[in-house]
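Trainee: Need a 3D model of the following:
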Amino acid sequence: MTAPVPPLVPAPRSYSETGAPFFAAVISASADIRFLPALRSFLSDAAAFFGESVLSPGSAAEEYAHAEKYRDEGSELWGGNFRRESAPVLSFAFRHDPSLGEGEYRLDFSPSGILAEASDEDGAFAARATALQLLLLRWDGWRFELPSCRIVDAPAFSWRGLMIDSARHFVSIPSLRRIVTLAALYKLDRLHLHLSDDQGWRMELLNSPRATEAGSSRSGGDPNRNGFYTQTEVRELVAFAADRGVAVVPELDMPGHVEAVLAGDPDLGCSSGPFGVRTAWGVSDDVLCIGNPRSLEFAKAAWDEVCSLFPAPWVHIGGDECPTARWEACPRCAAFKKERGYREWIDLHGHFVAEIADHLAAKGKTVFGWDEVLDSDQPNRAGVIHWRQWLEDRGSVALAGGRDLIRSPFFPYYLDFVQAEDRASAPGLAYKTPRAATLRAVHDFDPLQGLPPDAAAGGPGRGRLLGIQANAWSEFMRDPRRMEYMLFPRLLAIAETAWLGSGRPGWDDFRARLDGPRGGQRRLLDLLGVNYCPLEFSARLEFPGRVAL
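Mentor: Sure thing, here's the model as predicted:
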């Protein structure tokens, strides 16, 4: 009788059995020097998931010592050590194979060991994720029962993203590390951090301390309304994520959504204020004064500091939801508009976006913004994250204009929306959409919807569809438990689409893997103590450490 295919998410493109199942309890690991980060994070996450006793003493000693740096943090998050019984040692090797494509990997499980092969780091990180998932799915508390198999796999998209809004409610560094670890387990590779908004400025600026001091604290009784990331914390988070194949993409949202900035420097606004960190949700009319040259000076200086902390080539400049009412009533902005010969007030927005995009491009950064960067006739270099799906042409306009594109539709990729029609049982945002963003709705969205069929290929003078991104806006995610509940299990559907694109096996296949053999992905989430929404699942297994909402 053929053994069932392990319920991996994303589904591998090719899976074949190569022999009989086997048992192991101890892992010994090594790697080609190109893939040491994947080895380091494999060892550290294996220690966190299964207990350090699964790692063979003396195996890749230098890398394991480095991994120990994170072990205590992992133990905090997942808890528990498991007693190791006598069983064969399973060797795990990362090897370089230049014949494999970009992001592609080959993974062999057999009694003689696990062999992960890739031509680049992206492939090695993907192999690492699949190996960890398979180990988790076949872990019984003290040993692994593993299939002899070969997996050959490659991604459809290079941008497999998740945005975390830390402005509305502050998300701690330990919580971000947990999100990174879980996201990497499902082959997501971009963590977009929304670091500023009307309700908070979360990035330490040494050259503009008032922005941090005033912008990181707002009045009210919510315990998670205040806080910011020190530059040391950011560097450590970026390194932690990089070891798991996740690039951290910073966003400073300007010229709108800046009340927290104006709280620290009122002169940057069009009116005399008074300004404070916004305590209500929604969009504020208060924006940066484009007629004041200090506004651009502040933004460029802030980005200079941020770029020194985030080595990834991508940055996000915001640019969304910027009302023009304050500009229309501002003498300085009126004079600037006349001097520049701009016809529309939205061209002030276009001017600001172009200036910031050029400044960052000169620093070697690839710039993205929300799709409002297309609203002005003023040209700019920004790629587009298309969120306003009611403006259906924005994606095609971006591609035709030579801009790279990421699909991130308001419905169903905004994960603050309710997850089921029974909204009392699945709390979340209800007012933004008449429909629930169910697990199936997230799964079924086609990233190529409304785009040319060859959108991912690009061409001369055309942009490319790089991938997709889910967004976790945190107005109603007041703590890590609530955020995790809103992310899972829908993030698994995002991961499936991001990896497989239009080549997904389909809803029935995906749904079967959630409750599949040995409990499927549901068991994996329970084992890791993930506080997921249960409504799309059947009866759940309970594990020690499971957090109930």
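Trainee: so where's the stretch 401-549 of the chain uncertain?
Mentor: Applying pLDDT under 70 to the stretch 401-549 of the chain flags residues 421-434, 535-549.
Trainee: quick one: the helices in it?
Mentor: 410-413, 439-444, 480-487, 490-500, 507-514, 520-527 (DSSP state H, counting those that start in this stretch).
Trainee: Can you lay out those as a markdown table showing distance to Val234 and mean neighbour count?
Mentor: Heads up, the C-betas are built off the backbone N, CA and C, glycines and all. Shown next, in a markdown table, are the helices of the stretch 401-549 of the chain (distance: least, C-beta to C-beta, whole Å; neighbours: other C-beta atoms under 10 Å):
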| stretch | distance to Val234 | mean neighbour count |
| --- | --- | --- |
| helix 410-413 | 26 | 22 |
| helix 439-444 | 30 | 20 |
| helix 480-487 | 19 | 22 |
| helix 490-500 | 23 | 25 |
| helix 507-514 | 35 | 17 |
| helix 520-527 | 29 | 22 |
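Trainee: export these to JSON lines and tack on distance to Ala20?
Mentor: Below are these laid out as JSON lines (distance: least, C-beta to C-beta, whole Å):
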{"stretch": "helix 410-413", "distance to Ala20": "42"}
{"stretch": "helix 439-444", "distance to Ala20": "34"}
{"stretch": "helix 480-487", "distance to Ala20": "37"}
{"stretch": "helix 490-500", "distance to Ala20": "29"}
{"stretch": "helix 507-514", "distance to Ala20": "23"}
{"stretch": "helix 520-527", "distance to Ala20": "22"}
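Trainee: Identify whichever of these lies nearest to Pro274.
Mentor: Evaluated with C-beta to C-beta, the helices of the stretch 401-549 of the chain place helix 480-487 nearest to Pro274, the distance being 32.1 Å.
Trainee: what angle sits between that closest one and helix 490-500?
Mentor: Here helix 480-487 points in a direction 50 degrees away from that of helix 490-500 (axes from the mean of the first three to the mean of the last three C-alpha atoms, to 10 degrees).
Trainee: of all the helices of the stretch 401-549 of the chain, which lies closest to Gly319?
Mentor: Among these, the nearest to Gly319 by C-beta to C-beta is helix 410-413 (16.0 Å).
Trainee: So for Leu237, which of the helices of the stretch 401-549 of the chain sits nearest?
Mentor: helix 480-487 (14.9 Å).
Trainee: follow-up on the earlier one: to Gly200, which of the helices of the stretch 401-549 of the chain lies closest?
Mentor: Comparing the helices of the stretch 401-549 of the chain by their distance to Gly200 (C-beta to C-beta), the top pick is helix 480-487, with 15.3 Å.
Trainee: Just the CA coordinates for that closest one, please, in PDB.
Mentor: Output of helix 480-487 as PDB, limited to C-alpha atoms (Å, rounded to 0.1, in the frame of the first residue of the first chain):
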ATOM      1  CA  PRO A 480       0.400  39.000  19.800                       C
ATOM      2  CA  ARG A 481      -2.300  36.400  20.500                       C
ATOM      3  CA  ARG A 482      -4.900  38.300  18.600                       C
ATOM      4  CA  MET A 483      -2.500  38.900  15.700                       C
ATOM      5  CA  GLU A 484      -1.600  35.300  15.500                       C
ATOM      6  CA  TYR A 485      -5.300  34.300  15.500                       C
ATOM      7  CA  MET A 486      -6.000  36.600  12.600                       C
ATOM      8  CA  LEU A 487      -2.900  35.400  10.600                       C
END
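Trainee: got a pLDDT number for Ser308?
Mentor: What the model reports as pLDDT for Ser308 is 98.
Trainee: Quantify the burial of it by counting its neighbouring residues.
Mentor: 12 (other C-beta atoms under 10 Å).
Trainee: Equivalent analysis for Leu195, please.
Mentor: 24.
Trainee: Distance of it relative to Ala354?
Mentor: According to C-beta to C-beta, to the nearest Å, Leu195 stands 22 Å off from Ala354.
Trainee: if I pick Ala470, what's in contact with it?
Mentor: Neighbouring residues of Ala470 by C-beta atoms under 8 Å, 6 or more residues apart in numbering: 161-163, 408, 413-415, 442, 487, 490-491, 494.
Trainee: go on, Gly341?
Mentor: Counting by C-beta under 8 Å, 6+ apart, Gly341 makes contact with nothing.
Trainee: Go ahead and confirm Gly461 touches Arg403.
Mentor: No. Using C-beta atoms under 8 Å, Gly461 is not in contact with Arg403, being 10.9 Å away.
Trainee: The two: who's more crowded?
Mentor: Between Gly461 and Arg403, counted using other C-beta under 10 Å, Arg403 has the larger neighbour count: 22 against 8.
Trainee: how much space between the nearest residue to that one once chain neighbours are set aside and Leu405?
Mentor: Leaving aside its sequence neighbours, Arg403 sits nearest to Gly463 (C-beta to C-beta, 6 or more residues apart in numbering; 4.4 Å). Applying C-beta to C-beta, the value for Gly463 to Leu405 is 6 Å.
Trainee: Residues that sit against both of the two, list them.
Mentor: 383-384, 398-399.
Trainee: Would you format those residues as a markdown table with distance to Val234 included?
Mentor: A markdown table is the format used below for those (distance: C-beta to C-beta, whole Å):
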| residue | distance to Val234 |
| --- | --- |
| Gly383 | 23 |
| Val384 | 26 |
| Ala398 | 30 |
| Leu399 | 33 |
